[in-house]
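A.B. asks: sharing a model prediction with you, sequence too.
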Amino acid sequence: MLTRRNFLKNAGGTGALAMLPALTLSAEANRLSGSGKTEEAHDDLLVSLNGPWLFRTDPDDRGDAEKWYELNETSPDWETVSVPHTWQVDQRYHDYLGTAWYRKVFTVPEDWMTKTLRVEFEAVYHSAKVWLNGKYAGEHLRKGYTAFMLDLSGLIRPGENYLVVQAGNRYDDQMLPRNNSYDWAADGGITRPVSLYITPKTYAENVRVTALPDLEQGTATIKVQTQIANTLEDRARLSVTYEILEDRGNRLVLSSGEQVPVVLRAGEHKIIEFPDQVLEKPLLWHFDSPNLYHIVVSLSIDGRVVHTKKDTFGVRKIEVRDAGFYLNGERVWLAGVERMAGSHPEYGMAEPASWIRHDHEDMKNLNCIFTRVHWQQDKRVLDYCDRHGMLIQVEVPTWGGGTFKGMKEEPDQAIMQNGLEQLKEMIGREYNRPSVFSWGLCNEIGGQNPPAYKFAENMLKEAKRLDPYRLCAYASNTLHYTPEKDVSKLMDFIEWNEYHESWLGGDTEDMEKNLQAIHKAFPDKPLVISEYGWCRCAPDRKEGDEKLISILKRHNAIFRKHDYVAGLIFFSYNDYRTHRGDKGIGILKQRVHGVVDLYGSRHPSYYALQEESSPVESLDVSFHDQALHVSIDTRKLIPAYTLRNYRLRWIGYADQDIPLETAEITLPDMKPGYAGAFEFKTSLAAFEKIKVEVLRPTGSVAARARLLFK
């Protein structure tokens, strides 16, 4: 069994060394996956290294010179923390920008010495150097939100091993986000999960699936490639196959057929492309029906499977035409809200799965089916979006015009290279995800400034090389000047951060004029309002949540007059922690910008956004003649889309607020502009109150109404 315990070390030392957190792994562990389910031995063994680690800050940068990565360091300055971890939520270190160190001891069985052992850090902000048993294992520098993996095989040993990580979060001029120009928390540390991957010496590193549906034929072309590695000291002869199964029910729907023979030299990594296959009658992914498939790639030697690699994917088609978005052939007008991760003062960027789920369920309750983020996200965020139906734009953290400060005609080479590296790591990791609507390349960079323009142009070119099938965009805050000169014109659709009555001043009349000017400059492209809202982010801004509600409703009324406004992303879901915060002190330094506070408590604006983001324009109910009468009107424009397999449920309460009668029906398909009426005969002649809800197929509530009787 896998066991984890803290134990006292007896190595001739005391203090921190005697408390070094340890993970003990038995020889039976190769039968277990990270999920705790029993698997065959050729599956990946995924062992969590989360939990207790030792930690200390290094304000004087003494660690390297004093070799803190060696086991004989016995300073009592080390303390136990729980990884994932950020020191910024500790009041002692809330403003500490510098270097810190982490240590973990784990014990491995003898039989693992015939395996390949790799460690994956899902994120270390923003730079990491790693040692195992006092030997340098590798680094991942100036890329704080993307995962990296290091092969530990040459450094691992049977029995006890110790892993040391140096993390740094100083502002840096050679990375994105650049220096201190960005507006969120600079949380340093091992901020996301850490895992050991134990595989055979010959293994599949990843699998990439491109699913291209033919909506007329009711089929999908499936393109599969996998990268495989041989860490043996001799060449390996093997064959590769795959199977595709429905994620629900595990029904086999497609296989690669004949085995693909492969010869790998010692130490070689090779990409294998399978012949295209056709999937008949695919289950399409949609935010209201998030159907998934999983693929299993198998590597065999002499007819025996030695390794399998699994991943999930979806089949869906997103198109831009007629200044609109089409999802699986149907025009959609999308709405949602952006969440600023890392804002809970107890967690920071080291969010547990429970809080990630809490926030995203709360966003679904807000009718959010479309969102974007300012930086690459925890994979648990993307897992939620895939499985529960939320389209998301994931971005490289190219934030603000300050990114290109001091540059003339060209972006600095270091900044350009860092952006391209982050883009590659982001696309490589998230390529299979059906929830990823588009790749976000930049945010508010000053898209008419020559170095910013060329940076975005280069990023777009590389994104299309890495993924020619997915949309790309950048969120502009300069479109209201001379839109035709903005680098937005190169993108697949237009994104505008619209802050009239706030950062941009002016009023709704000015906003609508700019809206029309942007459309005139790009008449064939849909326009997404990638941010809008109200921030109490300056001393002269005394108005709070009531102002936010007013801006939300009045601006939405303008957007709904123009069918080329194809997406709305309200900013933001939450008040957020940031080093630039003008409210709060210490770990509570923040900007008040959201519909919930740092701890998730709802402001009144939450309910206004919930109603404004619903595809149901009106839900009217009345009760007379011992019958409940319900009428439903769906919106004609944003947010608007065909409502399929939605349900109508009502609950009647009487006898001192006890639920006594209920009924539920599946509604007919409701296209934008639908109007329908329904009647329910009741057994009771009177109620104290009646609740009525329109439910999405995924279970969240799209609209609600209530009748109260005196």
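C.D. replies: Thanks, I have the structure now. Numbers count the residues shown, from 1 in each chain.
A.B. asks: wait, Gly159 touches Trp112, no?
C.D. replies: No: with the criterion set as C-beta atoms under 8 Å, Gly159 and Trp112 do not qualify as a contacting pair; they are 10.6 Å apart. Yep, even glycine has a C-beta here, placed from its N, CA and C like the rest.
A.B. asks: the two: who's more crowded?
C.D. replies: Summary of the neighbour comparison: Gly159 and Trp112, criterion other C-beta atoms under 10 Å, with Trp112 having more neighbours (21 against 8).
A.B. asks: the more buried one belongs to a strand?
C.D. replies: No: for Trp112, which was evaluated using DSSP: H, G, I helix; E, B strand; the rest coil, the result is helix, with no strand membership.
A.B. asks: the closest residue to it other than its chain neighbours pairs with what?
C.D. replies: Taking C-beta to C-beta, 6 or more residues apart in numbering as the measure, Trp112 lies nearest to Ile198, with 6.0 Å between them; neighbours along the chain are not counted. For Ile198, the beta-bridge partners under DSSP bridges are Leu45, Leu117.
A.B. asks: need the pLDDT of Ile198.
C.D. replies: The pLDDT attached to Ile198 in the predicted structure is 96.
A.B. asks: my guess is it contacts Val119. True?
C.D. replies: No: between Ile198 and Val119 there is no contact, the gap being 10.4 Å when judged by C-beta under 8 Å.
A.B. asks: run a quick neighbour tally on the closest residue to Thr221 other than its chain neighbours.
C.D. replies: Take Thr221 and drop its neighbours on the chain: the residue closest to it by C-beta to C-beta, 6+ apart is Leu212, 4.5 Å away. Neighbour count of Leu212, defined by other C-beta under 10 Å: 14.
A.B. asks: name the element Leu212 belongs to?
C.D. replies: Applying DSSP states H and E as the criterion places Leu212 in strand 202-214.
A.B. asks: for that strand, packing partners?
C.D. replies: With contacts defined as 3 or more C-beta pairs under 8 Å, 6 or more residues apart in numbering; DSSP states H and E, the secondary structure elements packing on strand 202-214 are strand 219-230, strand 236-246, strand 293-301, strand 304-313.
A.B. asks: I'd like those strands laid out as CSV, including distance to Thr371 and mean pLDDT.
C.D. replies: CSV is the format used below for the helices and strands packed on strand 202-214 (distance: least, C-beta to C-beta, whole Å; pLDDT from 0 to 100):
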stretch, distance to Thr371, mean pLDDT
strand 219-230, 26, 97
strand 236-246, 27, 97
strand 293-301, 23, 97
strand 304-313, 20, 96
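A.B. asks: save those as CSV, and put in mean neighbour count and distance to Glu495 too.
C.D. replies: Shown next, in CSV, are these (neighbours: other C-beta atoms under 10 Å; distance: least, C-beta to C-beta, whole Å):
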stretch, mean neighbour count, distance to Glu495
strand 219-230, 20, 29
strand 236-246, 18, 34
strand 293-301, 20, 30
strand 304-313, 19, 26
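A.B. asks: which one, of those strands, ends up nearest to Glu425?
C.D. replies: Evaluated over the helices and strands packed on strand 202-214, closeness to Glu425 peaks at strand 219-230, with 14.3 Å, by C-beta to C-beta.
A.B. asks: what angle separates the closest one from strand 293-301?
C.D. replies: Here strand 219-230 runs at an angle of 40 degrees relative to strand 293-301 (axes from the mean of the first three to the mean of the last three C-alpha atoms, to 10 degrees).
A.B. asks: so how far is Lys115 from the residue nearest to Thr221?
C.D. replies: Distance, Leu212 to Lys115, using C-beta to C-beta, to the nearest Å: 37 Å.
A.B. asks: with Gln174 instead?
C.D. replies: 37 Å.
A.B. asks: those two: which is more packed in?
C.D. replies: When Gln174 and Lys115 are compared on other C-beta under 10 Å, the one with more neighbours turns out to be Lys115, at 20 against 14.
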